[in-house]
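>>> any chance you can model this:
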Amino acid sequence: MQAVINSIPEALATAILTAVFTGLLLFYFQKRTENSFAKSLFEYQTKYEISLPNRLKTLESLHNKFIDFVDKFLDVANYQNKDITDVYPKLEAFELHLRYSRRYLLEEEGKDLDDIYSNGQHLWILLIFLKGNDTYSPQNVKMINAVIQTSKLNLTQLDSEDPNKKRFKDDLTREINGQTHRLEELYKSAANIR
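Numbers count the residues shown, from 1 in each chain. Below you'll find the model as predicted:
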């Protein structure tokens, strides 16, 4: 019995030391986790505060460059005497700015902007046909319909027998304005995060 009584203080001391050690170990890991989380949160907030203004500035400048393209596009589409060669350099300026400022954009925004650029290229090709001398010849109507079919544009294909010239021009105008609206929505969604 004496051995049991002598071992109680030893067992009690071992239990207390184990509890203290376990408590200190848990406290250490808890503080380490809190510090790591606080550091990550600070880094995220700092990065977010720095990147959001750059992202908004990039989207705004891309919007302005696309508006320049749209203005030239509509000028040429609506007036016979406008020079079509002024249109594509505006779209190229948009694409160049997109390429060099992509690092400020979210991946999804970059994909949407690539899609807008691609649609702008298709619309420019269709504008060339619209302004051509023999736009509605059967061969050109076939090529116009091929461009419409391969693009992501919501355009009605032309009837090779009786192409509706006004509807074609109206469709181009509606579609180019739709691309502008998509770009405006991208900017608004990024600006609403603030």
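>>> so for the residue nearest to residue 182 when sequence neighbours are not counted, what's the pLDDT?
Distance criterion CB to CB, 6 or more residues apart in numbering; nearest residue to residue 182, sequence neighbours excluded, is residue 116 at 5.9 Å. The C-beta positions use only the backbone N, C-alpha and C, and glycine is treated the same way. The per-residue pLDDT reported for residue 116 equals 94.
>>> so which helix or strand takes in residue 116?
Here residue 116 sits within helix 107-131, counting by DSSP states H and E.
>>> pLDDT averaged over the very next helix or strand once past that helix, what's the number?
Going down the chain from helix 107-131, the next helix or strand is helix 138-150, by DSSP H and E. For helix 138-150, the mean pLDDT works out to 86.
>>> what's helix 138-150 packed up against?
When contacts are defined as 3 or more CB pairs under 8 Å, 6 or more residues apart in numbering; DSSP states H and E, helix 138-150 packs onto helix 107-131.
>>> contacts for the helix it packs on, please.
By CB atoms under 8 Å, 6 or more residues apart in numbering, the surrounding residues in contact with helix 107-131 are 55, 59, 62, 66, 69, 73, 76-77, 80, 84, 87-88, 91, 94-95, 98, 102, 105, 135, 140, 143-144, 147-148, 150-153, 155, 168-169, 172, 175-176, 179, 182-183, 186, 190.
>>> for the spatially most central residue of the chain, give its distance to residue 118.
Centroid-nearest residue in the chain: residue 109, 0.7 Å away (criterion: CA atoms, centre = their mean). Residue 109 sits 15 Å away from residue 118, taking CB to CB, to the nearest Å as the criterion.
>>> type out the PyMOL command that picks the buried ones from the contacts of helix 107-131.
A single PyMOL command is used to select the members of these judged buried by 16 or more other CB atoms under 10 Å:
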select buried, resi 55+59+62+66+69+73+76+77+84+87+88+91+94+95+98+105+135+140+144+147+148+151+153+155+168+172+175+176+179+183+186+190
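>>> take the contacts of helix 107-131 and keep only those in strands.
Using DSSP state E, no member of these falls within strands.
>>> quick one: which of the contacts of helix 107-131 sit in helices?
Taking DSSP state H, the ones among the contacts of helix 107-131 that sit in helices are 55, 59, 62, 66, 69, 73, 76-77, 88, 91, 94-95, 98, 140, 143-144, 147-148, 150, 168-169, 172, 175-176, 179, 182-183, 186, 190.
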